[in-house]
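*Asks:* dropping a prediction and its sequence here:
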Amino acid sequence: MSRFNYDDMRDYVLDEDAERHLVETQSECTFIWSNREGWPLGVIMSYVWRDGAFWLSASSQRKRVHAVIRDPRVAICVSSIGTDVGAMRTVTYKGTCDVLEDAETKRWFLPALAERYWPDDRETVERVVRLNDTPNRRVLKVTPTQRIAFDGAKMAEATMAAMARGEL
């Protein structure tokens with residue numbers, strides 16, 4: 001009898017429906033890029049999931065904006081922590097980042113981002129939009145090209161079953 005362990009994680013992949021629920025429910029991600037020397041850096045950022053892409057915002061004065069203009073290869077990590085999604089669920093995406101500054105994109109994106117936090121407070125949404133609608137504001141569109149998804153609920157269930165079988 002083989003001993004139960006966590007070496008093979010293939011059975012703990014997050015299903016597509018659970019993944020969709022996670023990225024639509026969560027409002028923050030870790031946005032990761034590389035600096036000029038090739039070192040990975042990351043910050044927590046708010047996002048909107050729309051049309052198969054992550055949409056984020058930063059001032060053009062932020063180093064990450066210049067970095068992704070130079071090298072658009074990025075990663076985004078989303079976790080279920082702080083949501084009602086349940087057990088530890090995560091998904092990491094490798095993708096490419098476009099830096100947008102057009103008025104049309106800002107017109108839909110800035111209210112959509114503010115509404116994630118204040119869905120029932122139109123006045124606050126309008127204030128936040130005004131605060132962020134500056135000439136230096138950029139919208140970062142991250143289009144995923146690969147994913148790594150983990151479902152901690154599946155892992156917990158398998159662990160409990162292994163314990164019941166006496167394998168742990």
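*Replies:* Now that the structure is in, tell me what you want to look at.
*Asks:* helices or strands up against the longest strand anywhere in the chain?
*Replies:* Among the elements of type strand in the chain, defined by DSSP state E, the one spanning the most residues is strand 137-151. In terms of contacts (3 or more CB pairs under 8 Å, 6 or more residues apart in numbering; DSSP states H and E), strand 137-151 is packed against helix 16-25, strand 53-59, helix 63-70, strand 73-79, strand 89-100, helix 103-117. Glycine gets a C-beta too; all of them are placed from N, C-alpha and C.
*Asks:* relative to helix 103-117, how tilted is that strand?
*Replies:* The directions of strand 137-151 and helix 103-117 differ by 50 degrees, with axes from the mean of the first three to the mean of the last three CA atoms, to 10 degrees as the criterion.
*Asks:* and strand 137-151 with strand 73-79, angle?
*Replies:* Regarding strand 137-151 and strand 73-79, their directions subtend 60 degrees when assessed with the same axes, to 10 degrees.
*Asks:* next SSE downstream of strand 137-151?
*Replies:* Next along the chain after strand 137-151, taking DSSP states H and E as the criterion, comes helix 152-164.
*Asks:* quick one: distance of that following helix to the chain centre.
*Replies:* Between the mean C-alpha point of helix 152-164 and the mean C-alpha point of its chain there is a distance of 26 Å (CA atoms, centre = their mean, to the nearest Å).
*Asks:* what packs against it?
*Replies:* Under the contact definition 3+ CB pairs under 8 Å, 6+ apart, helix 152-164 sits against strand 89-100.
*Asks:* which residues sit against the strand it packs on?
*Replies:* 14, 18-19, 22-23, 33, 54, 65, 68-69, 72-80, 138-153 (CB atoms under 8 Å, 6 or more residues apart in numbering).
*Asks:* gap between it and the chain center?
*Replies:* Here the centre of mass of C-alpha atoms in strand 89-100, compared against the chain's by CA atoms, centre = their mean, lies 7 Å away.
*Asks:* could you do stretch 6-19 as well?
*Replies:* From the chain centre to the centre of stretch 6-19 is a distance of 17 Å (CA atoms, centre = their mean).
*Asks:* same deal with stretch 26-37?
*Replies:* Computed by CA atoms, centre = their mean, the chain-centroid distance of stretch 26-37 equals 9 Å.
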